[in-house]
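Colleague: fold the following for me, if possible:
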Amino acid sequence: VEALFADLFVALDSAEYWSRKAPAALRRERVPHHSLAAKAKSGYLVYEPLGVIGIISSWNYPLAIPIGQIIPAVAAGNAVVSKTSDFTPRCGALVEKLFRSAGFPQDLVAVVQGGGEVGQALVDASPDKVLFTGSVATGRQVAEACAKKLIPTVLELGGKDAMIVLADADLETASSAAVWGSYTNCGQVCLSVERLFVEQTVSQRFAELCVEKTKKLHLGPGSDPATDVGPLIRPQHVRRMSDLIEDAVARGARVLCGGHPRPDLGPTFFEPTVVTDVDSTMNLFQEETFGPILAIQTVKGAEEAIRHANDSPFALAASVWTKDAKKGQSIAQRIRAGAVMVNDAISCFAIAEAPHGGIGASGWGRT
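Modeller: Next up, the predicted model:
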């Protein structure tokens, strides 16, 4: 279900959307002249292709991310060389096959496969623009390499998304959103809910609901129809989850459920975990988690929640949960992030009309 809704359907919707919207988006626009001295002159804004776009994408959504970027690039008249993740080679091959079988010229969309050295070679080949999705460390390398050649870039470097739950929120809905937003794709989502700030009067009940729902989830392989949460991408990520939990507990956090690797299921399984009493001194709130950990910090009210939400180098997306829509929108406007949702989480990525991207350590530019 996750592969269909979050990866395949998002890619297909991008194709359908731009097949209808591209002509209007690219249409020549007349530019009226405000200056009295230029009233008799006429001008036009004309959109032209950039040339060849280099796209370096990640493994966690191996269809939605590259296809969602390739399609508007091609619709705007560009060619594309896309380096897909070396962890998802079959999906990379499928991306290239889709464009060829659809009747596009054979070399209009080329997919190259390999590790970091292939990404470096793509930048060295001097494309006219580079779109990169991945880690902060690699993003810095891409930015530096492109800067030397004056190649414009769009960088999406992950997030540490905050979820603010106010006392008047629908706790049943908000807790379900927290559980889904923390564990979907085993938490391996740039828009994952990674920092929860819950108002004090409802914090205990909210945590109880999250634990109750987390314990119902079935951990297992994606090939099993009964599975709710699947594996992490590599064994190193399991060790990282354990390190984050150990650091948080050593600094005063409490694990309410989960918190352990599951070697009985395989080397890449880690239990969905609810942690409370988390604060900004812990690595769990400072570093991108990218795993199945739901971390809660209790706050006195909205002002404290906003302050904590903005206390992060990452700023990709966030959400506010309240029954008062006007209050939710007012708070949303004060949160530093590329997108803020009210009573919703993650879904902004799946909306073709919405620009996607962040600021700070989350990168720059929009797709």
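
Colleague: any idea which helix or strand comes after the longest helix seen in the chain?
Modeller: Of all segments of type helix in the chain, defined using DSSP state H, the longest is helix 9-26. Note on helix 9-26: by DSSP states H and E, the next helix or strand toward the C-terminus is strand 29-31.

Colleague: and the helix or strand following that following strand, what does it pack against?
Modeller: Moving toward the C-terminus from strand 29-31, the next helix or strand (DSSP H and E) is strand 43-45. In terms of contact count using 3 or more CB pairs under 8 Å, 6 or more residues apart in numbering; DSSP states H and E, strand 43-45 is assigned the packing partners strand 29-31. Heads up, the C-betas are built off the backbone N, CA and C, glycines and all.

Colleague: and the strand it packs on, what other elements does it pack with?
Modeller: Helices and strands touching strand 29-31, by 3+ CB pairs under 8 Å, 6+ apart, are strand 43-45.

Colleague: could I get the buried residue list for the longest helix of the chain?
Modeller: Neighbour-count burial for helix 9-26 flags 10-11, 14-15, 17-18, 22 (criterion: 16 or more other CB atoms under 10 Å).

Colleague: need the residues you listed in a markdown table (columns: distance to Gly252 and pLDDT).
Modeller: As requested, the buried residues of helix 9-26 are arranged in a markdown table below (distance: CB to CB, whole Å; pLDDT from 0 to 100):
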| residue | distance to Gly252 | pLDDT |
| --- | --- | --- |
| Val10 | 39 | 93 |
| Ala11 | 43 | 94 |
| Ser14 | 44 | 93 |
| Ala15 | 49 | 94 |
| Tyr17 | 47 | 96 |
| Trp18 | 49 | 95 |
| Ala22 | 53 | 96 |
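
Colleague: and the longest helix of the chain, C-alpha only, in CSV?
Modeller: In CSV, the C-alpha atoms belonging to helix 9-26 read as follows (Å, rounded to 0.1, in the frame of the first residue of the first chain):
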residue,chain,number,x,y,z
PHE,A,9,0.7,7.0,-7.6
VAL,A,10,2.7,10.2,-6.9
ALA,A,11,4.8,9.5,-10.0
LEU,A,12,1.7,8.9,-12.1
ASP,A,13,0.0,12.0,-10.8
SER,A,14,3.0,14.1,-11.7
ALA,A,15,2.7,12.7,-15.3
GLU,A,16,-1.0,13.4,-15.5
TYR,A,17,-0.7,16.8,-14.0
TRP,A,18,2.0,18.2,-16.2
SER,A,19,0.5,16.7,-19.3
ARG,A,20,-2.4,19.1,-18.8
LYS,A,21,-0.7,22.0,-17.1
ALA,A,22,2.6,22.4,-18.9
PRO,A,23,1.3,24.4,-21.9
ALA,A,24,-0.3,27.0,-19.6
ALA,A,25,2.7,27.2,-17.3
LEU,A,26,5.1,27.7,-20.2
